[in-house]
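Peer 1: Build me a model:
(chains A and B)
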There are 2 protein chains.
Amino acid sequence: MSEFFTVLPPDEALARLFEHLPPAPQPEGISTAEALDRVTFEVIRAPASLPAFPRSTMDGYAVRAQDTFGASQSLPAYLNLIGEVPMGRAPAFTLAPAQAALVHTGGMLPPGADAVVMIEVSQKAREGEIEILKAVAPGENLLRVGDDIAEGAEIFPAGHRLRPQDLGGLSALGLTYITVARRPRVALLATGDEVVPPEAEAQPGQVRDVNSYSVAGQIARAGGIPLRRGIVPDDFEALRSAAKAALAEADALVLSAGSSVSVRDMTAEVVNGLGQPGLLVHGVAVKPGKPTILAAAEGKPIIGLPGNPVSAMVIADLFVAPTIYKLQGCPALPPRQSVRARLTHNIASQAGRVDYIPARLITREGEGWAEPVFGKSNQIFTLVFADGMIVIPRDANGVSAGETVEVRLF
Amino acid sequence: MSEFFTVLPPDEALARLFEHLPPAPQPEGISTAEALDRVTFEVIRAPASLPAFPRSTMDGYAVRAQDTFGASQSLPAYLNLIGEVPMGRAPAFTLAPAQAALVHTGGMLPPGADAVVMIEVSQKAREGEIEILKAVAPGENLLRVGDDIAEGAEIFPAGHRLRPQDLGGLSALGLTYITVARRPRVALLATGDEVVPPEAEAQPGQVRDVNSYSVAGQIARAGGIPLRRGIVPDDFEALRSAAKAALAEADALVLSAGSSVSVRDMTAEVVNGLGQPGLLVHGVAVKPGKPTILAAAEGKPIIGLPGNPVSAMVIADLFVAPTIYKLQGCPALPPRQSVRARLTHNIASQAGRVDYIPARLITREGEGWAEPVFGKSNQIFTLVFADGMIVIPRDANGVSAGETVEVRLF
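Peer 2: Modelled structure (predicted):
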């Protein structure tokens, strides 16, 4: 397979994978109350205007604005108080000239009224009469029909990930059941003769499975459903049949491949045989994570992560998470939280690849610093003890202590 | 209740509420695989060292480093190849002087070996012999016992929210079942004679419930379990009995109170009667959201949100979310994603209160700008069409177009 081992920059590698994904996600109908973080399948439009009736935004008096023109503290306008608007019901009366009606915040304006005078700029006069101490303009202190949203307006495009306020907006419109993108099912296979499940007593030479759990967390965060499908020994036939079965029940397959070169090559060969077009990328210009495998089989993406836990998470972040968003129809990833901080130590790097180094954020004399958590890419605790990853761009030849770097927060 | 209506700055108000929360969360045992975003109940320490045996980080030869000293391309060290370390098992042999054994990445070093020579700096010599072309130092290309984590080391303090890599680290140590803080159950009551459920046909004068859905999303994001307990009419006895029942089954109660002054006062009175110490704060120096109610009853927090959807979400963000973290034992909120951007329009503000204005982020000539989404605090779609909230600090008297502001992203 060595002819495939041309190392690609990560964005180019991802673009190559995306060419082979399905053009649209699968739809699923769900209750809006359960739709937090789900992604809209189609454009959603307002089925009606909101508010559906003119609504007071203050406690006060519904009036005809022109009846208040010229009113002041010293020369109030006198209006006849004809009633009170009940909350939750349409008023039973219409406002004629020189009339006013008590209205509460959120109450419906009676026909004829076109403004609300705040209670604070009014006072009781005789029985059945109020004094208005300040003029209001038409439209003041109220929402007109459609001021919140107009009938037919686009609320969301397809591919919008729903936030708490979005559930509120849908509820306001009575849209209690919507169509979202189905959450992609992402099968996860760990490989390696030395890997045992976390619940096993590890014998000398054995290590417990890390990637099936850390990467499952990353898949869930991106909106996918992780399907842990266990550990496969370093055997071509065993891997082929496990990968085939896992891919058949899922929308995507993620393998955490063994770390030695021979095992990696075997993984690439298995992946290439799972369907068309097969292997797309074998090797990316990222450290750690160079021996990454990207493939597709009949529209399903397959991502081969390096076996080292740190490399596996870096690559899952760069390739698995964006793929899951893409499978849900999201045009872009949500903005990534990152901070700029000064570097406490020199970091060596090599131009031509992007470097990721786990780092802790610390404060020195009120200033933010990034302290690298040095270690090898098979030390998962370098990530556990870090707050984020320092990113050293492709064109940099290392960074010196004191310089400012970008830290992508976890 | 007017003697309580002293408006407090939000941090002071929150501190007053926190004084009355339980000192520690409730514990709950769960599977590590299900523990993403859960919060540790207690300190977790490593029950064993990792790796548990010296482990190669390269494909190569396990050697005694001193046997390679002085080796070079022109003067190789010759070592006897005595075998291959099988993956996942302890080698059946011990390395004597001048011996080497083939080892794969992740394989266990045989007793006697203290370094690994990368395959790239070796070559086959005669049968059963290899040439080492470069010296290695003791410890090179391997992890020693405990290099990832040492037995007894603290992995997490209590109050740590678990991330994907943390699940990986726990799995590596065989910690498949852990104790986390129970998720706080947060009962949600909407109030108002005009409010109907989202599935109802809203009649003139009626509006559908927004806050029970938007705030439920905020509660879930913070790690709480929202319990929507429906809509209560503006009636003292109805509200009192609904609030009492909701509080009895939950760890916290959130009411979205009506918007008119009389209803707010009634809510404060009901809340004050639910238990000791009762009402703590009535009014905060935040816009929108001034008529906020904070209370506690026998160790359970009660938060009265303003009824307007925008105010309700601003106040839930400032008070409900931190309370849910606190109830889980988190010492601090996760870092809040915010950006700095230039303001497209003037914004008026009043010194002495914090202002929150929904804003869209846009790009003009490659620069980030924040465009306010103007509207009233009962227009939920101002939040739907926004990317975050501009924060105008307490001491500012408005901000002019072109100035740089902080935007807290949703």
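Peer 1: Which elements pack onto the least confident helix or strand in chain A by mean pLDDT?
Peer 2: Ranked by mean pLDDT, DSSP states H and E, the helix or strand of chain A with the weakest confidence is helix A:261-272, at a mean of 89. Applying 3 or more C-beta pairs under 8 Å, 6 or more residues apart in numbering or on different chains; DSSP states H and E, we find helix A:261-272 packed against helix A:236-248, strand A:277-282, strand A:293-297, strand A:300-305. In this view, the C-beta of every residue, glycine as well, is placed from N, C-alpha and C.
Peer 1: Can you say which of those is nearest to chain B?
Peer 2: Ranking the helices and strands packed on helix A:261-272 by proximity to chain B (C-beta to the nearest C-beta) places strand A:300-305 first, at 12.3 Å.
Peer 1: picking up where we left off before, other residues contacting the least confident helix or strand of chain A?
Peer 2: Here helix A:261-272 makes contact (C-beta atoms under 8 Å, 6 or more residues apart in numbering or on different chains) with A:1, A:4, A:191-192, A:234, A:236, A:239-240, A:243, A:255, A:257-258, A:278-279, A:282, A:291, A:293, A:295, A:302, A:304, A:306-307, B:59, B:104.
Peer 1: Partner strands of the strand ranked longest in chain A and their direction?
Peer 2: Ranked by residue count under DSSP state E, the longest strand found in chain A is strand A:354-364. Within its sheet, strand A:354-364 is paired with strand A:286-287 (parallel), strand A:367-372 (antiparallel), strand A:388-392 (antiparallel), according to DSSP bridges.
Peer 1: Out of the ones you listed, flag the one nearest residue A:208.
Peer 2: strand A:388-392 (23.7 Å; C-beta to C-beta).
Peer 1: Just the mean pLDDT for that closest one, thanks.
Peer 2: Here strand A:388-392 scores 96 as its mean pLDDT.
Peer 1: just the CA coordinates of whichever helix or strand comes after it, formatted as PDB?
Peer 2: Along the chain past strand A:388-392, the next helix or strand (assigned with DSSP states H and E) turns out to be strand A:404-409. Taking C-alpha atoms only, strand A:404-409 is exported to PDB below (Å, rounded to 0.1, in the frame of the first residue of the first chain):
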ATOM      1  CA  THR A 404       2.100  34.000  22.000                       C
ATOM      2  CA  VAL A 405       0.400  30.800  20.800                       C
ATOM      3  CA  GLU A 406      -3.100  29.700  20.100                       C
ATOM      4  CA  VAL A 407      -4.500  27.100  22.600                       C
ATOM      5  CA  ARG A 408      -7.600  25.200  21.400                       C
ATOM      6  CA  LEU A 409      -9.500  24.500  24.600                       C
END
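Peer 1: now the angle from strand A:404-409 to strand A:367-372?
Peer 2: 70 degrees (axes from the mean of the first three to the mean of the last three C-alpha atoms, to 10 degrees).
Peer 1: For the residue nearest to the spatial centre of chain A, give me its contacts.
Peer 2: Nearest to the geometric centre of chain A sits residue A:334, at 4.9 Å (C-alpha atoms, centre = their mean). Residues in contact with residue A:334 (C-beta under 8 Å, 6+ apart) are residue A:161.
Peer 1: do the same with residue A:370
Peer 2: Applying C-beta under 8 Å, 6+ apart, the residues contacting residue A:370 are A:341, A:342, A:343, A:344, A:359, A:360, A:361, A:362, A:388, A:390, A:405, A:407.
Peer 1: Just the element for residue A:200, please.
Peer 2: Residue A:200 belongs to no helix or strand, assigned by DSSP H and E.
Peer 1: With adjacent residues omitted, what lies nearest to it?
Peer 2: Distance criterion C-beta to C-beta, 6 or more residues apart in numbering or on different chains; nearest residue to residue A:200, sequence neighbours excluded, is residue A:208 at 6.8 Å.
Peer 1: can you check residue A:351 too?
Peer 2: residue A:397 (5.2 Å).
Peer 1: List the buried residues in stretch A:75-93.
Peer 2: By 16 or more other C-beta atoms under 10 Å in any protein chain shown, the buried positions in stretch A:75-93 come out as A:76, A:77, A:79, A:81, A:82, A:83, A:85, A:86, A:87, A:88, A:90, A:91.
Peer 1: near chain B, which of those residues show up?
Peer 2: Restricting those to those near chain B by C-beta under 8 Å from any C-beta of the partner chain leaves A:85, A:86, A:87, A:88, A:90, A:91.
Peer 1: Quick check on the contacts of residue A:370: which are buried?
Peer 2: Listed as buried from the contacts of residue A:370 are A:341, A:343, A:344, A:359, A:361, A:388, A:390, A:405, A:407; burial here means 16+ other C-beta under 10 Å.
Peer 1: All set, thanks.
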